[in-house]
Structures are given as structure tokens and as C-alpha cells.
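Participant: With the sequence up front, the predicted model follows.
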Amino acid sequence: MTDRRTLALKDPALLVDKAFVEGAWIAAPDGKSIAVTDPFDGALIANVPDLGRAVVAEAIDAAAAAQKLWARRTAKERAQVLKRWHDLIIENADDLALILTTEQGKPLAEAKGEVVSNAAYLEWFAEEAKRIDGDIIPGPNAGQRIMVLKQPVGVCAAITPWNFPNGMITRKAGPALAAGCSMILKPASQTPLSALALALLAERAGVPKGVFSVVTGEAKPIGLEFCHNPKIAKITFTGSTGVGRWLMKEAADGIKRLSLELGGNAPFIVFDDADLDAAVEGAMISKFRNAGQTCVCANRIYVQESVAAAFTEKLLAKVSGLSLGRGTEAGVSQGPLIDEKAVAKMEEHVADVVARGGVVLSGGKRSALGGTFFEPTVVTGVTQAMKVAKEETFAPLAPIISFKDEDDVIAMANDSEFGLASYFYAKDMARIWRVAEALEAGMVGVNTGMIANEMAPFGGIKQSGTGREGSKYGIEGFLELKYVALGGI
Ligand SMILES: NC(=O)C1=CN([C@@H]2O[C@H](COP(=O)(O)OP(=O)(O)OC[C@H]3O[C@@H](n4cnc5c(N)ncnc54)[C@H](OP(=O)(O)O)[C@@H]3O)[C@@H](O)[C@H]2O)C=CC1
Ligand SMILES: O=C(O)[C@H](O)CS(=O)(=O)O
């Protein structure tokens with residue numbers, strides 16, 4: 001580890017090294033902490049509290065009390081607070097991006113994009129708060145009516161990953177708070193500083209104490225408290241399928257509501273009638289954004305035989321233009337991978353391709369920059385039997401698999417236990433309908449490599465999870481239906 005990192009923030013108060021519980025900034029009672037480092041060179045940025053399970057239980061008690069009062073506020077009042085939080089995020093977007101890049105590594109422009117585009121979830125759900133409409137249904141008897149109310153589920157626990165340390169929080173907090181729930185967030189231990197900065201802005205925006213708390217610390221004790229504390233009504237999680245499965249099992253006794261946004265293995269299909277330049281643009285953004293560390297990134301690139309050579313040549317030309325470096329440097333398009341574990345997985349997948357007869361066309365090794373930098377890599381001659389076709393690489397590896405026809409590629413694309421994102425490029429309208437309907441995924445990008453925004457339902461099927469974030473559907477997971485039988489009419 002090198003020196004301590006200093007950040008040139010316009011508002012230095014945004015770099016917080018305390019957890020936020022019941023409106024107070026706290027250290028761990030026993031003084032334990034977790035070091036947060038810059039993945040560029042391992043420099044220490046800050047130490048955040050390693051709160052034990054007991055403090056988390058106290059945070060849940062406070063959130064339960066606060067939730068009752070928050071839910072009694074009018075939707076319009078909740079919306080105003082969320083809108084203020086959104087506005088403060090936008091005002092402080094440069095600082096939030098710098099904090100994000102320093103703890104996570106992605107290029108600054110991407111970090112700012114994450115901050116701004118995901119603040120939009122707060123704005124969107126502030127508006128949706130006012131549209132939590134119930135229903136009046138005619139009853140079977142003349143003297144009776146059926147009334148349907150929508151009420152907040154209660155106290156929500158959120159667990160977020162390191163790949164989008166800012167955006168995954170507003171996506172979860174927006175609908176929860178709009179619905180009248182309170183939320184206790186456990187951010188990834190590698191990237192808690194974005195979460196704490198957001199909490200500071202929430203406090204400034206007037207989110208009442210206890211309505212939004214951030215607890216930092218070792219994952220398992222916090223996860224156990226979330227799963228077994230009867231006051232937690234719902235858990236919303238983004239991360240690996242393994243941890244999602246564990247949470248589901250642990251939360252089963254309490255029959256807790258769960259939203260799980262888990263791993264993916266996105267097919268990216270290029271048909272022979274596609275605009276190849278557009279397909280290459282889409283593949284670049286889908287595959288190499290955040291150095292391939294996104295759950296929706298293209299993991300398997302299927303190209304129809306007749307256009308495979310042309311597509312590959314164009315892709316290689318674009319990949320050669322990517323520049324690696326520290327995320328804060330101008331012109332950098334790819335930062336370091338998050339850690340050595342991520343590099344090891346990338347190396348394992350490349351080695352497996354080579355061992356089974358595939359060919360590395362570019363990259364394929366660690367970058368001369370050292371650390372956890374890995375060269376953006378294109379491999380060809382890939383088959384369905386290879387690891388890269390079966391597992392999420394979560395790194396800048398673009399494997400090209402050629403295919404004969406539509407049936408052939410649909411079968412290969414759907415041959416996965418995951419079903420988060422999928423993409424294809426084609427022009428023929430009948431084919432577009434057929435393929436969009438046939439792909440087993442929660443989301444299909446047609447002639448685009450970017451699918452997420454606050455107005456769209458983001459989420460997966462199969463082992464990629466359950467529940468949706470964003471859109472008019474995104475608030476449903478934070479609401480319960482209550483049926484009131486109204487008699488005597
Ligand atoms: N869907 C997505 O967007 C993501 C998918 N992944 C996939 O998962 C792989 C591994 O990444 P990794 O970071 O290990 O993902 P994890 O699923 O382990 O981590 C995601 C979040 O879950 C927390 N967590 C881990 N274990 C528990 C637990 N027992 N109880 C409560 N919270 C827990 C982590 O906390 P802590 O950081 O303290 O361990 C972090 O906040 C990646 O290579 C990728 O394939 C990873 C991140 C995001
Ligand atoms: O990895 C994720 O969670 C998403 O890919 C982030 S985004 O695509 O919605 O920005």
C-alpha cells in the first residue's frame with residue numbers, strides 16, 4: 001500500500017468516514033474499521049467503521065420508528081424531499097464522481113454519468129410517489145364494494161455492489177422512500193464512500209433521521225441481521241447470484257420480500273442484416289463500459305458467419321483505440337479492475353479459451369501499467385463449451401462465437417441459467433419481433449448497447465433474479481396491497 005490519497009473536492013465534507021445511523025454519524029463501538037483503498041495503486045483513501053451486528057439491530061429499531069412517521073407524510077411531502085436530494089446530487093456531481101472514481105477506478109466521465117443518470121431515479125420516483133393509486137372494484141353483492149389500498153412494505157434493507165457504488169443506491173432508495181418505506185443500506189466494503197456521501201446529501205435534503213441509514217462493516221453479520229430481524233420487511237440486493245441465493249435462504253424463515261438483481265451472461269447477437277458499424281459501437285459500450293464490470297455487459301458475442309470477419313476487424317480497430325490509465329486522467333477509457341480476484345477470473349477465462357483451441361486476437365494479458373490493469377481482450381474461435389460462454393467474466397473480455405442461423409443462435413443464447421440482459425442487431429422487422437420474443441432475458445436491447453434508464457423496468461429472469469428497478473413497475477416491490485371489504489352500502 002502507498003500513501004494516503006487526498007481528494008481535491010469542492011466540498012471536502014462529502015468525504016465521510018463514519019456510518020450514518022438514526023441521523024447520527026458514528027464510529028464502531030469497539031473502534032474497528034475497514035480500509036478503503038484506490039484500486040489504481042492501493043493508496044488508502046479512508047477507514048470506515050466495521051459496525052457489528054448489534055449496531056445494525058439498533059439501526060433497524062430506529063428505522064422502524066422513523067418509517068411510521070415517514071409513511072404518514074403526504075406523498076407530495078415525500079416527493080419534495082426526494083426532489084431536493086436529487087437536486088443536491090446534481091449540484092455535487094463533480095465531487096461525487098471524483099469520490100466514485102477514486103474508490104472504484106472507472107473513468108471520471110463514466111463516474112459522472114453514473115451519478116447523474118441514476119439521480120434521475122430519485123426524481124422519477126419522487127413523481128411516482130404521487131401516483132400510488134389504489135382501486136375501487138364493484139363487489140359481488142349490491143351492498144358491498146371492494147377497496148384496494150397500496151401501503152409501504154415497511155423497513156427495507158438494501159445491499160449494493162462495488163461496480164456502481166453510487167447508482168445502485170439511488171435506484172433502491174428512490175422507490176423505497178417514495179413508497180413510504182425507510183431504508184438501511186449496506187454498501188460494498190470496497191466502495192462505501194459514495195454511499196456515505198449520498199447519505200450526507202440526504203441529510204442536507206431533509207430526509208428525516210432514521211429514514212435512510214448507511215451501515216458499513218463485515219458483510220455476513222450485517223446480512224444475518226437483515227435476514228433474521230423481524231422488523232425488516234424487505235431486502236433489496238444487487239450482487240452475485242451466490243450471495244443472492246444465500247440471502248433468499250436466510251430470509252425464508254421470516255418470509256421477507258426480496259428483490260434480487262444478480263449476475264448475468266448477456267448474449268450480444270449480430271445478424272447478417274445488421275448495421276455493422278452500429279453493432280460495433282453497441283458492443284464497445286456494452287462490453288467495455290466500466291472495464292466489463294457490469295451485470296448487463298455483453299458476455300458472449302455471437303456473429304453470423306457471413307459477417308463475422310468484417311465485424312471482428314471493425315471491433316479490433318475500436319478496441320485498439322481504448323486507453324488504459326487512472327480514472328481521473330483525461331482521455332482514459334478503462335481503469336483498473338476492482339481487485340486481484342477479478343484479474344484472476346479474467347486470466348482463467350482467457351487460459352480456458354486458449355486451452356480449448358480459441359485464439360487471442362488482441363490483449364489477453366495484464367497491462368504493462370501493472371496493478372489490476374488488464375488489456376482489453378478479443379478472442380475468437382470460441383465455443384459454447386468454454387467457461388466464457390457459461391460464466392459471467394465481469395472483465396474486459398470479448399469472446400466471438402460465430403453462428404449459422406436464427407434457430408442456431410437462439411438456442412445458444414438461451415443455453416444459460418442466467419437471464420438478465422440480451423442484445424441483438426438486425427434490420428428485418430419480422431426477425432426483430434421473433435428474436436426479441438424468443439430470447440430468455442428480462443431485458444432485450446435491439447440495435448442498442450445501452451438499456452438502463454429510470455423509465456424502464458430493469459431486472460432479470462431465471463437465476464438473474466427477481467423484481468424490477470425503475471419505471472412505473474419499480475415501486476411495486478415496495479408496496480403491499482390491502483383489500484378493504486366495504487359493506488353496509
Ligand atoms: N449484479 C451485479 O451488478 C454484480 C454482480 N457481481 C458478480 O459477483 C462476482 C463477485 O463480486 P462480489 O463483489 O464478490 O459480489 P458479492 O455478491 O459478494 O457482493 C455484493 C454485495 O453483497 C455484499 N455481501 C456479500 N456477502 C454478503 C452476505 N453474506 N450478507 C450480506 N451482504 C453480503 C457485499 O459486501 P462486502 O463488499 O462487504 O463483501 C457487497 O455489498 C462478480 O465477479 C460478478 O460476477 C458483483 C457485483 C455486482
Ligand atoms: O451492473 C449493473 O448493475 C448495471 O449494468 C448498471 S447499468 O447498466 O444500469 O448502468
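Facilitator: Looks like it arrived, so ask away. Ligands and ions are numbered 1, 2, ... in the order given.
Participant: Skipping adjacent residues, who's closest to the residue in the stretch 151-300 of the chain that ligand 1 sits nearest to in space?
Facilitator: Distances between the stretch 151-300 of the chain and ligand 1 by CB to the nearest ligand atom are smallest at residue 223, namely 2.1 Å. All C-beta spots, glycine's among them, are computed from the backbone N, C-alpha and C. In space, and not counting its chain neighbours, residue 223 is closest to residue 247: 6.5 Å by CB to CB, 6 or more residues apart in numbering.
Participant: can you check residue 402 too?
Facilitator: Here the residue nearest residue 402, using CB to CB, 6+ apart, is residue 308, at 4.4 Å.
Participant: and the one you found, how many residues sit next to it?
Facilitator: Using other CB atoms under 10 Å, residue 308 is surrounded by 19 other residues.
Participant: can I assume it is in contact with residue 409?
Facilitator: No. Residue 308 lies out of contact with residue 409 (CB atoms under 8 Å); the separation is 12.0 Å.
Participant: Look at the residue of the chain found nearest ligand 2 and report its pLDDT.
Facilitator: The chain approaches ligand 2 most closely through residue 452 (3.0 Å), counting by CB to the nearest ligand atom. For residue 452, the pLDDT comes out at 98.
Participant: What does residue 33 show for phi and psi?
Facilitator: Dihedral pair for residue 33: phi -150, psi 170, per degrees, to the nearest 10.
Participant: wait, it sits on residue 48?
Facilitator: Yes. Using CB under 8 Å, residue 33 is in contact with residue 48, at 6.2 Å.
Participant: Show me the strands in the stretch 251-400 of the chain, by range?
Facilitator: For the stretch 251-400 of the chain, the strands defined by DSSP state E, counting those that start in this stretch occupy 257-261, 266-270, 298-304, 359-362, 377-380, 397-403.
Participant: Kindly reformat those strands as CSV containing distance to ligand 1.
Facilitator: Shown next, in CSV, are those (distance: least, CB to the nearest ligand atom, whole Å):
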stretch, distance to ligand 1
strand 257-261, 6
strand 266-270, 11
strand 298-304, 10
strand 359-362, 21
strand 377-380, 16
strand 397-403, 12
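Participant: Need the residues that contact the lowest-mean-pLDDT helix or strand in the chain.
Facilitator: Ranked by mean pLDDT, DSSP states H and E, the weakest helix or strand in the chain is strand 135-138, scoring a mean of 94. Strand 135-138 is contacted from outside by 145-148, using CB atoms under 8 Å, 6 or more residues apart in numbering.
Participant: Give the closest residue to the residue most central in space within the chain in space, chain neighbours not counted.
Facilitator: The centroid of the chain falls nearest to residue 168 when counting by CA atoms, centre = their mean (4.7 Å). Nearest residue to residue 168 in three dimensions, chain neighbours excluded: residue 160, at 4.1 Å (CB to CB, 6+ apart).
Participant: Which residues are in contact with the one you found?
Facilitator: 168-169, 172, 185-188, 195, 237-239.
Participant: what residues does the stretch 101-250 of the chain put near ligand 1?
Facilitator: Contact residues, the stretch 101-250 of the chain versus ligand 1 (CB under 6 Å from any ligand atom): 159-163, 186, 188-190, 219-220, 222-223, 238-240, 243, 246.
Participant: Just the buried ones out of these, please.
Facilitator: 159-163, 186, 188-190, 222-223, 238-239, 243 (16 or more other CB atoms under 10 Å).
Participant: from the residues you listed, which ones fall inside strands?
Facilitator: 159, 186, 238 (DSSP state E).
Participant: Make a markdown table out of these and add pLDDT.
Facilitator: A markdown table is the format used below for these (pLDDT from 0 to 100):
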| residue | pLDDT |
| --- | --- |
| 159 | 99 |
| 186 | 98 |
| 238 | 98 |
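Participant: Restricting to those, which residues neighbour ligand 2?
Facilitator: residue 238.
Participant: which one of the ones in strands among the buried ones among the residues of the stretch 101-250 of the chain next to ligand 1 is nearest residue 107?
Facilitator: Residue 107 lies nearest to residue 238 out of those, by CB to CB, at 21.3 Å.
Participant: need the helices for the chain, in chain order.
Facilitator: Ranges of helices in the chain, per DSSP state H, are 53-72, 75-91, 93-104, 108-128, 167-179, 192-205, 219-228, 241-250, 276-288, 305-319, 340-355, 387-390, 406-413, 429-438.
Participant: Show me which residues of the protein sit near ligand 2.
Facilitator: So the chain meets ligand 2 at 163-164, 238, 294-296, 452 (CB under 6 Å from any ligand atom).
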